[in-house]
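>>> let me see the structure of the following:
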Amino acid sequence: MERFDWDDLRFFLAVARSGRLTAAARRLGADHATVSRRITSLEEALKAKLFERRPQGYTLTAHGERLLAKAESMETEALAIQSDIGGADMALAGTVRIGAPDGFGTTFLAPRLAKLASAYPGLEIQLIAMPRLLSLSKREADVAITLAPPKEGKVVARKLSDYRLGLYAAREYLDAMPKVEKPEDLFDHRIVGYIDDLIFTPELDYLDEVAKGLRAQVQSSSVLAQMNAVVAGAGIGVIHHFMAEGEPRLVPVLPETVSITRSFWLLVHADLKDVARVRAIVDFVVREAKASRALLMGEQPAVAAPRPALVEG
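Numbers count the residues shown, from 1 in each chain. As a prediction, this is how the structure comes out:
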C-alpha cells in the first residue's frame, strides 16, 4: 500500500460519476491519457479491478462500488477541511456548479450571475441550465434548483419560491384563429407543449390542468424552444410569467381563468451545505428569488389583447 496515491481518488471519482474518460478529463482539467494512467495506477496499488471497460463507457465493479462510498467520504472530509480550517479566501475560491431547469436557469438566473461573479471573483461559476434532473450524489451539481423536494438521498432542501404560469400566444396567431373564451375553446387551436415521454418531472405535465384531455401538437423538451415557437405564431402555450414578462410579442390567453402554480426548490448535498463557497451561492440564489417574488408570481397585471370588433352585416 505504500505506492497508494491519495490524489488518484479524484480521478477515480470523476470516472465513476461520468462513466467516460473524456468527460472525466474535462471535469478535472486533465488529458485523456493522464486520467487513464491514474486509474490504472490506483488499480495496481489496490490490486483490484475497479472498472469494467466497455465501448459504451466505464462501469464500476464490485470493488469499485465499495471504493466509491469510501472515496466520497474522503472527498467530503477534504471539503470540510478546506472550508472549516482554510482561510476565507481559500474557502471562496474554486468551482461551484449550479443545476437548474432551462427556463429558470437561462431567463432568471443567468442574467444575475454578473452580480455574483463580481462579489466572489475567486469563484468559477458553472451553470447547467437544461431540462433534466441532476444528481447531487454523483456531484453533477453542487447546488440544484428543482420543481419538487427530494424523496430520498442525503440532501438538504428548502423551498425557494412559488411561481406561476399561464397561457400565451402571439397577437397575430390569435387574430387569425377562433376566439378563446373558455378552456374548452383550446381544442380548436394548436397547442405548444412538452414531448410527453421526455417530461422529466410530473410537475411539468400542465395541460390536463388547463383542460382535461388537451394535448400539444407542437412539442419540445425545452420551455425556451416552446416560448420561441409561441412567439413565432405556432400556437398557444403554457409559459412562466417571469419569462413572458420580457417578451412584448406574447399576449396572455384566459388570464382570469387559467393560472398554474408550481414551486422551485433549492437542493444541496448534506455534505456540502457548510462549505463556504457553496453556502455563498445558496445565500445569493435565495436572496435573488426573495427579491423577485412579484416577478416569479406574475403579479404584474396581465392585460389581454384587444380583439377586432365584430360588425354585423
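>>> least confident secondary structure element in this protein?
Between all helices and strands in the chain, the lowest mean by mean pLDDT, DSSP states H and E belongs to helix 88-91, at a mean of 46.
>>> can you name the next helix or strand after that one?
For helix 88-91, the following helix or strand on the C-terminal side (DSSP states H and E) is strand 94-100.
>>> which outside residues touch that next one?
82, 105, 109, 122-129, 134, 140-145, 277-278, 281, 285 (CB atoms under 8 Å, 6 or more residues apart in numbering). Where you see a C-beta, it was placed from the backbone N, CA and C, and this is true even at glycine.
>>> make a PyMOL selection of the buried ones in those.
The buried residues among the contacts of strand 94-100 can be selected in PyMOL (16 or more other CB atoms under 10 Å) with this line:
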select buried, resi 82+105+109+123+127+129+134+140+141+142+143+144+145+277+278+281+285
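>>> residue nearest the middle of this structure, spatially speaking?
Centre of the chain computed as the mean C-alpha position; nearest residue by CA atoms, centre = their mean is residue 100, 2.0 Å away.
>>> quick check: bridge partners of that residue?
Residue 100 forms beta bridges with residue 129, as assigned by DSSP bridges.
>>> roughly how far apart are it and residue 133?
From residue 100 over to residue 133 the distance is 11 Å, taken as CB to CB, to the nearest Å.
>>> do residue 263 as well
Counting by CB to CB, the gap from residue 263 to residue 133 is 15 Å.
>>> any weak-confidence spans in this protein?
Within the chain, the set of residues satisfying pLDDT under 70 comprises 1-2, 79-91, 300-313.
>>> which residues in it form strands?
51-54, 57-60, 94-100, 123-129, 143-146, 155-170, 191-193, 218-219, 236-240, 250-253, 260-269 (DSSP state E).
>>> tabulate those in TSV, adding columns for distance to residue 66.
Listed next are the strands of the chain as TSV, based on distance: least, CB to CB, whole Å:
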stretch	distance to residue 66
strand 51-54	13
strand 57-60	9
strand 94-100	27
strand 123-129	29
strand 143-146	27
strand 155-170	23
strand 191-193	45
strand 218-219	43
strand 236-240	44
strand 250-253	54
strand 260-269	20
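>>> out of those, nearest to residue 40?
Residue 40 lies closest, by CB to CB, to one member of the strands of the chain: strand 51-54, at 10.0 Å.
>>> give me the buried positions along the closest one.
So for strand 51-54, counting by 16+ other CB under 10 Å, buried means residue 51.
>>> before we move on, what about stretch 166-174?
166-170, 173-174.
>>> and stretch 239-254, by the same measure?
239-244, 250-254.
>>> number of nearby residues for the nearest residue to residue 297 once chain neighbours are set aside?
Among residues not flanking residue 297 along the chain, residue 164 sits closest, at 5.4 Å (CB to CB, 6 or more residues apart in numbering). Neighbours of residue 164 under the rule other CB atoms under 10 Å: 15.
>>> all further residue positions should be reported with the first residue as 11.
In the new numbering, first residue 11, that becomes residue 174.
>>> what separates residue 174 from residue 55, distance-wise?
Taking CB to CB, one finds residue 174 at 56 Å from residue 55.
>>> and what of residue 164?
Residue 164 is 28 Å from residue 55, by CB to CB.
>>> ok, now which ones touch residue 49?
Applying CB under 8 Å, 6+ apart to residue 49 gives the contacts 18, 21-22, 25, 31, 60-61.
>>> check residue 136 too.
Contact analysis of residue 136 by CB under 8 Å, 6+ apart lists 105-108.
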